[in-house]
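[1] what's the 3D shape of this:
(2 chains)
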Number of protein chains: 2
Amino acid sequence: MGSALIQLVHEQADGIEARTGLRLEIGRVAVRNASKDRGVDLPRDRFTNDATSVVNDPDVDIVIEVIGGIEPARQLILDALKAGKPVVTANKELLANVGGEIFATAEASGVDVLFEAAVGGGIPLVRPLRESLLGEPIDLVMGIVNGTTNYILTRMTESGASYADALAEAQELGYAEADPTADVEGYDAGAKIAILASIAFGARVVAGDVYHEGISAITADDISFAGRNGFVVKLVAIAEKLSQDGPLELAVRVHPVMLPLTHPLASVRGSFNAVFVQGSAVGELMFYGRGAGGNPTASAVLGDLIDAGLNLRKGSSASVGALGEVRVRPIDELESEYYLHLNVFDRPGVLSAVAGVFGAHGVSISAMNQGLPHDEGADLVFITHKALERDVQDTLRDLRELDAVHEVGSVIRVLVDETGGS
Amino acid sequence: MGSALIQLVHEQADGIEARTGLRLEIGRVAVRNASKDRGVDLPRDRFTNDATSVVNDPDVDIVIEVIGGIEPARQLILDALKAGKPVVTANKELLANVGGEIFATAEASGVDVLFEAAVGGGIPLVRPLRESLLGEPIDLVMGIVNGTTNYILTRMTESGASYADALAEAQELGYAEADPTADVEGYDAGAKIAILASIAFGARVVAGDVYHEGISAITADDISFAGRNGFVVKLVAIAEKLSQDGPLELAVRVHPVMLPLTHPLASVRGSFNAVFVQGSAVGELMFYGRGAGGNPTASAVLGDLIDAGLNLRKGSSASVGALGEVRVRPIDELESEYYLHLNVFDRPGVLSAVAGVFGAHGVSISAMNQGLPHDEGADLVFITHKALERDVQDTLRDLRELDAVHEVGSVIRVLVDETGGS
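    Coordinates of the predicted model:
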């Protein structure tokens, strides 16, 4: 990403100067190994392994942070902001954990902290939310913000591959890490939705507030059931306003959903990202593009860099504004429709026993399918009406204890379409 | 739209003040009939029918123009800008025709002219293009920017309706005007793509530069052929960079295309709008949402209003920057693949005669289908390889003169997918 940015600044500097009068120049670059050749058109003596000296250099006007992680990035950014230097960062982990501190410091110093690249790669998303939609009462932000998992789910959907095979393929292509946990278990998406929730609702939401489930338990059967019924399985990150009046209450979570094929997010394929926004005046919006990769990320950083430069020249700065308090409602208290896959022993009375467990917890069934029996018993698929997570979990616990039930398989929330295309 | 904006400002003023310190108040409103009750929560004496007095009122800090058309909007906006008052406008006709003059006046006065609502209604689009992507080398902007025609084409696609029936339905629902010409013949989309081209490429493109074809000749047969072959017919507005080096050359045009179903724009249904952008660093982006309607448009105006207010407080202003010269290449010199529908007399030698005409003009055929003969002859459908518009027009002229040809039906450009989902 660093090299792509240096290259992009070189290529675009003349054009940017012609349109804005602003001359961008890469002053100094802190790297782990300053003597390594990076194949970029920059004198060797611009590189150093002392990041603090870059931040403190009086010739450096704007600091770009692409280290990742919390320390030393946090301290370097705070130092830069306190010294009156705007900061451009792509660091989602930092912002999702200590964003409040960073934003407050920027505000107090009257300088920019810009972070378009932290969520959705090259997609202009943070700025529209912060600025264009500042006056818009937002009800919902729902995004496909992790390209790795979307690639895996797309492969499973389009080629019928198993999760393991699709993951292996993603790893081979460089879309997934050797240890894919951060992506496939929803940590990465959780950090991103914490940031989006903060700016969309003006509220202090941190990564630790975000409930997350990943995709590693999704089976080819689930995907195929979804397809036959007009759905597609996607890993989505959701921040939703629950309160109409009074203190702000949000639901913020990451989990797979069965999404109707007519939903705008359903057609987001492969490693692409998209964020769907529902506002009470603006209606439905979606922002779509490349969520990762050196060039898209460099493009987002460059956009911020120009903005910071223009603001610096005008003695002005953008602001996230004050982040208010918020209650994040626990997952137990949220309602959804659910898809449940059970494997049961093929014998009389099973269905009635299973149905009885649902009924005992007040979970109402909206559709049910029993496949033909096979060697390992019979497969039952249920779609529930809207039910409380806590009641569904209680139902699952009791189903697991039922003699007739061989295995409780996938449990996937179902999104019923209330949007789209008229 | 005016009433929706006044309502939205009332509802959101407290929230906006809490987040930004900015207090928005509707000062005065110029209307044609000042005594009519508009059902908004604003004292009757704030209304006047003298727009000039509103612009000149020393208590008015920011002027919002939603009159539409060129005069008197142009003069009022110029007066406001020269008096140092930022202007928020939703006037696509004005900007597509005399945008250069408006932008230059704003620049000279050091105040904002903001126009998010002029293209794509509530979709944050103008600001991302102007600001986030200022440093991005953009290759292509392609949009569904007219909701009326997209609604009509969606109905034709999904219900098999004829153009006339779908138009009548759109008129009944208020999606189309009694005189639908501006929408269905592509004038509205032409004005919008002129504005998008100007800001995406920093070049002076006016409505008169834009070639446009509408959808009134599209038949149910064309739509059905498209569907059977993995395409959907959409009216798109395109601004494309043709020059790699040297003076800027663009193609800017509005016409129906057969779009592959895998293209992100293909799933934009009903009256929704979306703009697809291809940049050489950022890759593919798409912005999707409600392109029209009182509330979405009011949302976009409010976003601009907050921005103008914040800039005013900081003594700063946004800028479109200098718009450069550009050559817009005439449609005759553009290349595309084409779908052509011919109705021929069912007799020997017809196909060879028709194929001979294509060959004589160097138009190469990539696929061909002949339907079973019926009462009115036989239908031939051709898909060409990439061909020059001028050669295709010459081919069509000669085909019309051919004895064997009963009628030359639809001619629709075909977009071959080079994008999407990996």
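
[2] Could you confirm whether stretch A:165-181 reaches chain B?
    No - using CB under 8 Å from any CB of the partner chain, stretch A:165-181 never reaches chain B; the gap is at least 8.9 Å. Placement of C-beta: from N, CA and C, glycine included.

[3] What are the buried residues along that stretch?
    Judged by neighbour count (16 or more other CB atoms under 10 Å in any protein chain shown), stretch A:165-181 contains these buried residues: A:166-167, A:169-171, A:175-176, A:180.

[4] Looking at these, which is nearest A:Glu25?
    Proximity of these to A:Glu25 (CB to CB) peaks at A:Tyr175, which lies at 33.9 Å.

[5] From A:Tyr187, how far out is that closest one?
    17 Å (CB to CB, to the nearest Å).

[6] Tell me which residues touch the closest residue to A:Leu167 other than its chain neighbours, please.
    Distances taken as CB to CB, 6 or more residues apart in numbering or on different chains put A:Ile152 closest to A:Leu167, at 5.7 Å, once the chain neighbours are dropped. By CB atoms under 8 Å, 6 or more residues apart in numbering or on different chains, the contact set of A:Ile152 is A:163, A:166-167, A:170, A:176, A:184, A:215.

[7] Name the SS class of the closest residue to A:Val60 other than its chain neighbours, please.
    Leaving aside its chain neighbours, A:Val60 sits nearest to A:Gly27 (4.8 Å; criterion: CB to CB, 6+ apart). Secondary structure, DSSP: H, G, I helix; E, B strand; the rest coil: A:Gly27 is coil.

[8] Spit out the contact partners of A:Gly27.
    A:46, A:54, A:57, A:59-61.

[9] Among these, which lie within helices?
    Per DSSP state H, helices hold the following members of the contacts of A:Gly27: A:Val54.

[10] Show me just the buried residues among the contacts of A:Gly27.
    A:54, A:60-61.

[11] Name the helix or strand for the residue sitting furthest away from the middle of chain A, please.
    Of all residues in chain A, A:Pro348 has its C-alpha farthest from the mean position, at 45.3 Å, by CA atoms, centre = their mean. A:Pro348 belongs to no helix or strand when elements are defined using DSSP states H and E.

[12] now swap in A:Leu340 and tell me
    Per DSSP H and E, A:Leu340 falls inside strand A:335-344.

[13] so how far is that strand off the chain centroid?
    On the basis of CA atoms, centre = their mean, to the nearest Å, strand A:335-344 sits 25 Å off its chain's mean C-alpha point.

[14] Check which helices and strands it is in contact with.
    helix A:220-228, helix A:350-360, strand A:378-384, strand A:387-388, helix A:389-401, strand A:405-414 (3 or more CB pairs under 8 Å, 6 or more residues apart in numbering or on different chains; DSSP states H and E).

[15] export those to TSV and tack on distance to B:Leu396 and mean pLDDT?
    Listed next are these as TSV, based on distance: least, CB to CB, whole Å; pLDDT from 0 to 100:
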stretch	distance to B:Leu396	mean pLDDT
helix A:220-228	43	94
helix A:350-360	65	93
strand A:378-384	54	93
strand A:387-388	61	96
helix A:389-401	62	96
strand A:405-414	51	94
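
[16] For chain B, find the nearest of those.
    Smallest distance to chain B across the helices and strands packed on strand A:335-344 (CB to the nearest CB): 15.8 Å, for helix A:220-228.

[17] Touching, A:Ala106 and A:Val113? I think so.
    Yes - if you go by CB atoms under 8 Å, A:Ala106 and A:Val113 touch, sitting 4.1 Å apart.

[18] burial count for the closest residue to chain B within the stretch 251-400 of chain A?
    The stretch 251-400 of chain A approaches chain B most closely through A:Arg269 (3.0 Å), counting by CB to the nearest CB. The tally of other residues near A:Arg269 (other CB atoms under 10 Å in any protein chain shown) stands at 20.

[19] hang on, isn't it packed against A:Thr154?
    Yes - between A:Arg269 and A:Thr154 there is a contact under CB under 8 Å: 5.0 Å.

[20] check contacts around A:Met156.
    Going by CB under 8 Å, 6+ apart, A:Met156 touches A:162-163, A:166, A:218, A:220, A:223, A:233.

[21] and if you look at A:Ala34?
    Contacts of A:Ala34 (CB under 8 Å, 6+ apart): A:47-49.

[22] Can you check my assumption that it lies in a strand?
    No - according to three-state DSSP, the state of A:Ala34 is coil, so it is not within a strand.

[23] Torsion angles phi and psi at it?
    phi -70, psi -10 (degrees, to the nearest 10).

[24] Same check on A:Leu415?
    Note on A:Leu415: backbone dihedrals following degrees, to the nearest 10 are phi -100, psi 120.

[25] from memory it sits against A:Leu261, does it?
    No - using CB under 8 Å, A:Leu415 is not in contact with A:Leu261, being 11.3 Å away.

[26] The two - which one has more neighbours?
    Just comparing A:Leu415 and A:Leu261: by other CB under 10 Å the higher neighbour count belongs to A:Leu415, 20 against 15.

[27] Any figure for the gap between that one and chain B?
    From A:Leu415 across to chain B, the span is 16 Å (CB to the nearest CB, to the nearest Å).

[28] that older thread, can you check which residues contact both of A:Ala106 and A:Val113?
    The contact lists of A:Ala106 and A:Val113 share A:81, A:87, A:320, where a contact means CB under 8 Å, 6+ apart.

[29] By neighbour count, which of these wins?
    Busiest of these [other CB under 10 Å] is A:Val87, holding 28 neighbours.

[30] picking up where we left off before, out of the contacts of A:Ala34, give me the one that has the most neighbours.
    Neighbour count (other CB under 10 Å) singles out A:Phe47 as the most crowded of these, with 19 neighbours.

[31] Residues in a beta bridge with that residue, which ones?
    A:Val29 (DSSP bridges).

[32] mind checking how far it is from chain B?
    A:Phe47 sits 23 Å away from chain B, going by CB to the nearest CB.

[33] Point out where chain A drops to low pLDDT.
    A:319, A:321-322, A:417-422 (pLDDT under 70).

[34] and the nearest residue to A:Asp394 once chain neighbours are set aside, how many neighbours?
    Ranked by CB to CB, 6+ apart and with sequence neighbours excluded, the top spatial neighbour of A:Asp394 is A:His361, at 4.9 Å. Using other CB under 10 Å, A:His361 is surrounded by 19 other residues.

[35] Looking at A:Ala106 and A:Val113, which is more packed in?
    A:Val113 (27 against 24).

[36] I'd say that one and A:Ile77 touch.
    Yes - the pair A:Val113 and A:Ile77 qualifies as a contact (CB under 8 Å) at a distance of 7.2 Å.

[37] got any residues that touch both of these two?
    What both A:Val113 and A:Ile77 touch, as defined by CB under 8 Å, 6+ apart, is the set A:87, A:89, A:102.

[38] Surely A:Ala300 forms part of a helix?
    Yes - under three-state DSSP, A:Ala300 sits within a helix.

[39] tell me which residues form a beta bridge with A:Ile238?
    Following DSSP bridges, A:Ile238 is listed with bridge partners A:Met142, A:Arg253.

[40] coming back round to it: for the contacts of A:Gly27, which one is nearest chain B?
    After measuring these against chain B - CB to the nearest CB - the closest member comes out as A:Asp61, at 16.3 Å.

[41] you'd agree that closest one is up against A:Leu305?
    No - A:Asp61 lies out of contact with A:Leu305 (CB under 8 Å); the separation is 10.3 Å.

[42] How about the contacts made by the residue nearest to A:Asp394?
    So A:His361 contacts A:391-392, A:394-395, A:398 (CB under 8 Å, 6+ apart).
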